[in-house]
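1. Based on what follows, work out the 3D shape:
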Amino acid sequence: MKKILLKLHLWIALPFGLIIALICFTGSIMVFEKEINELVYKERYKVAPASGERITPAEAAAAAAALLPDTLRIASVQIPFDKEATYAVSTPGRRRITVYVDPYTAKVTAIQNPGDGKFFSTVRELHRWLSFRGENRTLGKRITGVTTFAMVVILITGLIAWIPKSRRGLKNRLRISLSHGPRRLWHDLHVAGGFYSMLLLLLMSLTGLTWSFDWYRDATYKLFGAEPPAAAAPATATPAPEQKTSPAATSPEHQPAPRATDFTVWETALIEVLKVASAWKTITITDGSIQVVPNKPFGNSRASDRYKFDKKSGHITDAELYQDQPKASKLRGWLYSLHTGSWGGAVVKGIYLLAALMGGVLPLTGYYMYAKRVFRKKF
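-> As a prediction, the model looks like this:
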């Protein structure tokens, strides 16, 4: 039985190994994306410690608006609990512009445009879609999905084949030797390293598949008793007749000016929320709602409490605490947190980083061992 599983392990790994290595290496780079950005762009995210009151959301929005075109409106202001962190003022849409503002002086420290951060966006495109773009992105997602399925099979068959027959064999398969030459090292990295990283690699693979296949995602949600998210409506090549608009209506001079937002109302809403939100990490205010991310070292990294407020008075009209949110919403955040390692602190992320790196090393060591066996000579 083990021989059959070893052959299955080998013949699946041979065609998928390089893609597995690419997915794992790019994933390892993104584990500390936030921390790396904060280190590289210190002036964007941090300011010198200062005493006194921090500025209001209205003052932060005004400072950002002064540097943005009149055609752009302010969509949100994010306030960190960290007193040395900058405010983030953003425009709407996926291609949003984010302006970072000193929370004490209202001075703009940096402006992040949609084209910035190219390195991590490139890494993410490689990780999720193998850099396929446009209509081909679906193909890239399918390839990564099939590859991830293959990785699950490879990990399970590898574990079964790894099980030793004796205690001495167990000791040898748990050891990574550094003093018996490169050939022994590569073998130990594949055998022992694969065992140590297997559980986390399986966890990353099984959670990652929810972004590749709708049927797998729906099955996962049903397994945990949650309502699967609704499928996105297919995009149409041309708009329906009733949706067509004349060129004159879309010209700049016919575009309506952005609706003026009373940001002083946001301050009223913030004061009311702070009366009930004690331990928080960030507070993000948009027109009519506030999202509060709790400051917890462990747990769902996308957990948040949501409040709605009256746009005229700023008084809170409704509250949706995380504990009362639908199970599907919680599960979505947990799948992301378990996949990325963001459910814990720096130590947990460090362990995820090592596991992802090992996931990239395993196919390379496997290719080496296979080549040594086939060619039976040193190289």
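2. any idea how far His190 is from Lys165?
-> 19 Å (Cβ to Cβ, to the nearest Å). In short, each C-beta sits where N, CA and C put it, glycine included.
3. Quick check on these two: which one has the bigger neighbour count.
-> Counting neighbours by other Cβ atoms under 10 Å for His190 and for Lys165 shows that His190 has the greater number, 23 against 8.
4. Just the element for that one, please.
-> His190 is part of helix 181-208 when elements are defined by DSSP states H and E.
5. could you point out which element follows that helix?
-> Next in sequence after helix 181-208, counting helices and strands by DSSP H and E, comes helix 214-223.
6. picking that back up, and the helix holding His190, what's buried?
-> Of the residues in helix 181-208, those buried by neighbour count under the rule 16 or more other Cβ atoms under 10 Å are 186-194, 197-198, 200-202, 204-208.
7. Tell me the confidence at Gly52?
-> At Gly52, the model reports a pLDDT of 86.
8. Same question for Asp70.
-> Looking at Asp70, its pLDDT is 89.
9. Tell me how many other residues crowd it.
-> For Asp70, the tally of surrounding residues (other Cβ under 10 Å) stands at 8.
10. From here on, call the first residue 660.
-> Taking 660 as the first residue, the last one we looked at is Asp729.
11. mind checking how far it is from Arg754?
-> To Arg754, Asp729 is 18 Å away according to Cβ to Cβ.
12. do Leu833 as well
-> 50 Å.
13. Compare these two (neighbour count), which wins?
-> Neighbours per residue, other Cβ under 10 Å: of Leu833 and Arg754, the larger number sits with Leu833, 14 against 9.
14. where's the nearest residue to that one once chain neighbours are set aside relative to Lys970, distance?
-> With Cβ to Cβ, 6 or more residues apart in numbering as the measure, Ala851 is the residue that lies nearest to Leu833, at 5.6 Å, once sequence neighbours are left out. The gap separating Ala851 from Lys970 is 60 Å, by Cβ to Cβ.
15. do the same with Tyr1027
-> If you measure Tyr1027 against Lys970 using Cβ to Cβ, the figure is 63 Å.
16. Kindly report the same for Thr757.
-> As defined by Cβ to Cβ, Thr757 lies at a distance of 23 Å from Lys970.
17. So those two - more neighbours on which side?
-> Under the criterion of other Cβ under 10 Å, the comparison of Thr757 against Lys970 puts Thr757 first, with 18 against 15.
18. Can you give me every residue that contacts Tyr966?
-> If you count contacts by Cβ atoms under 8 Å, 6 or more residues apart in numbering, Tyr966 has them with 928, 932, 948-951, 975, 977-979.
19. If we use 10 Å, what do you get?
-> If a contact means Cβ atoms under 10 Å, 6 or more residues apart in numbering, then Tyr966 has 928-929, 931-932, 935-936, 942, 944, 947-951, 975-980 as its contacts.
20. Please indicate which of those residues are buried?
-> The neighbour-count test (16+ other Cβ under 10 Å) marks 928-929, 931-932, 936, 942, 944, 948-951, 975, 979 as buried among these.
21. hey, where'd the helices end up in the stretch 910-1038 of the chain?
-> Defined through DSSP state H, counting those that start in this stretch, the helices belonging to the stretch 910-1038 of the chain, from first to last, are 922-933, 986-999, 1005-1034.
22. same thing with the stretch 710-859 of the chain?
-> Going by DSSP H, counting those that start in this stretch, the stretch 710-859 of the chain shows helices at 716-724, 777-788, 796-821, 826-832, 840-867.
23. Now do the first one: which elements does it pack against?
-> Identification of packing neighbours for helix 716-724 by 3 or more Cβ pairs under 10 Å, 6 or more residues apart in numbering; DSSP states H and E yields strand 735-739, strand 746-749, strand 757-760, strand 767-771, helix 922-933, strand 939-945.
24. So, low pLDDT: which residues of the stretch 810-959 of the chain?
-> Low-confidence segments of the stretch 810-959 of the chain (pLDDT under 70): 890-919.
25. run the last query once more with 80
-> Filtered on pLDDT under 80, the stretch 810-959 of the chain yields the residue ranges 889-919.
26. Now tabulate the helices and strands packed on helix 716-724 in JSON lines and tack on distance to Ala707.
-> Shown next, in JSON lines, are the helices and strands packed on helix 716-724 (distance: least, Cβ to Cβ, whole Å):
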{"stretch": "strand 735-739", "distance to Ala707": "15"}
{"stretch": "strand 746-749", "distance to Ala707": "15"}
{"stretch": "strand 757-760", "distance to Ala707": "14"}
{"stretch": "strand 767-771", "distance to Ala707": "11"}
{"stretch": "helix 922-933", "distance to Ala707": "24"}
{"stretch": "strand 939-945", "distance to Ala707": "20"}
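27. of all these, which lies closest to His786?
-> Smallest distance to His786 across the helices and strands packed on helix 716-724 (Cβ to Cβ): 21.3 Å, for strand 767-771.
28. Sheet partners, orientation included, of the closest one?
-> strand 757-760 (antiparallel) (DSSP bridges).
29. what about the partner strand, distance to the chain center?
-> Here strand 757-760 is found 21 Å from its chain centre; the criterion is Cα atoms, centre = their mean, to the nearest Å.
30. Name the residues that touch that strand?
-> Strand 757-760 is contacted by residues 700, 702-706, 714, 718-727, 733, 735-737, 744-750, 766-773, 775 when judged by Cβ under 10 Å, 6+ apart.
31. What residues of stretch 702-711 count as buried?
-> The neighbour-count check on stretch 702-711 (16+ other Cβ under 10 Å) flags 703-706 as buried.
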